[in-house]
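Asks: no sequence on hand, only this structure:
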């Protein structure tokens, strides 16, 4: 299997036309067709369906596509790295699920702009996975809750959050300073399936005899906020997740929260990791609470 065959394959995937694919690959159409045929012969599988002048990927082609893209990406990256006057520094960052995406994206954008020679890659996982990946040196640093006892590494606090009730801005609860936990019984709720503190919250509800009606389950906070704003249900969410059409309210009897920070191997505290830690520590993690009331206790 040759690199040029993979480039022909990807060009045909992107254009769905042999003539346009040949133009993109800067070869003649017969040359591209021959290269694709050789690739299929070597794999022993047909990658494209060519029925009725329509070109589409077969099931084997769909399976092969992500691998081909990865190979070409690595080839291009290797070429760029070799020809660069300064070497590329790689920083592998772990991310705990539930970290606010918009603020994390802003941090990474600013870091990339100020460190153009650093190539950052992201890997999302649970707290246990992040710690395991650090041990295995698959990541260099991670956004996580404080590590479990016995963790051989460092932790630096960035911010803390607490569970609040998120309701639509037009909801009857929106003007309240707090809500009794019992008032949530049998109300429509959106459940965040990816929250690692969800077990504590579920136990608190159960102990109080409160049984919300789950109308939707999601592992995406932006989707949960959109559904709340549309009036489809309420949700207990960390107070760092905000939206213009959503109001957050404390719930009497619920005082559950977490601290988020950076964990890394103490033996690997090099200049690059130190620079990233400084950036993360200076980032504005707390949201602008223009519609949130009486939340001094949650800071």
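Replies: Structure's in. What do you need? Source: prediction; values computed, not measured.

Asks: any regions of the protein where pLDDT drops low?
Replies: By pLDDT under 70, the low-scoring segments of the chain are 52, 81, 84-88, 286-299.

Asks: remind me, longest helix of it?
Replies: With DSSP state H applied, the helix covering the greatest number of residues in the chain is identified as helix 59-83.

Asks: so which elements touch that one?
Replies: Other helices and strands packing on helix 59-83, by 3 or more CB pairs under 8 Å, 6 or more residues apart in numbering; DSSP states H and E, are helix 3-15. Using the backbone N, CA and C atoms, a C-beta is placed for each residue, glycine as well.

Asks: now the longest helix of the chain: how far from the chain's centre is it?
Replies: Centroid separation between helix 59-83 and its chain, computed with CA atoms, centre = their mean, to the nearest Å, is 22 Å.

Asks: what's the answer for stretch 259-269, then?
Replies: Averaged C-alpha coordinates place stretch 259-269 at 19 Å from its chain's average position (CA atoms, centre = their mean).

Asks: can you give me the helices in this protein?
Replies: Under DSSP H, the chain gives helices at 3-15, 18-25, 29-43, 59-83, 101-114, 127-135, 198-207, 221-229, 271-282.

Asks: so which of those helices gets nearest residue 91?
Replies: For these, the distance to residue 91 is smallest for helix 271-282, at 5.8 Å, taking CB to CB.

Asks: coming back round to it: for residue 184, find the nearest of the helices of the chain.
Replies: Using CB to CB as the criterion, the shortest distance between residue 184 and these is 7.6 Å, found for helix 198-207.

Asks: what pairs with the spatially most central residue of the chain across the strands?
Replies: Averaging the C-alpha coordinates of the chain gives a centre point, and the residue nearest to it by CA atoms, centre = their mean is residue 124 (6.1 Å). With DSSP bridges as the criterion, residue 124 is bridged to residue 95.

Asks: surely it and residue 101 touch.
Replies: No - with contacts counted by CB atoms under 8 Å, residue 124 stays clear of residue 101, the gap being 10.4 Å.
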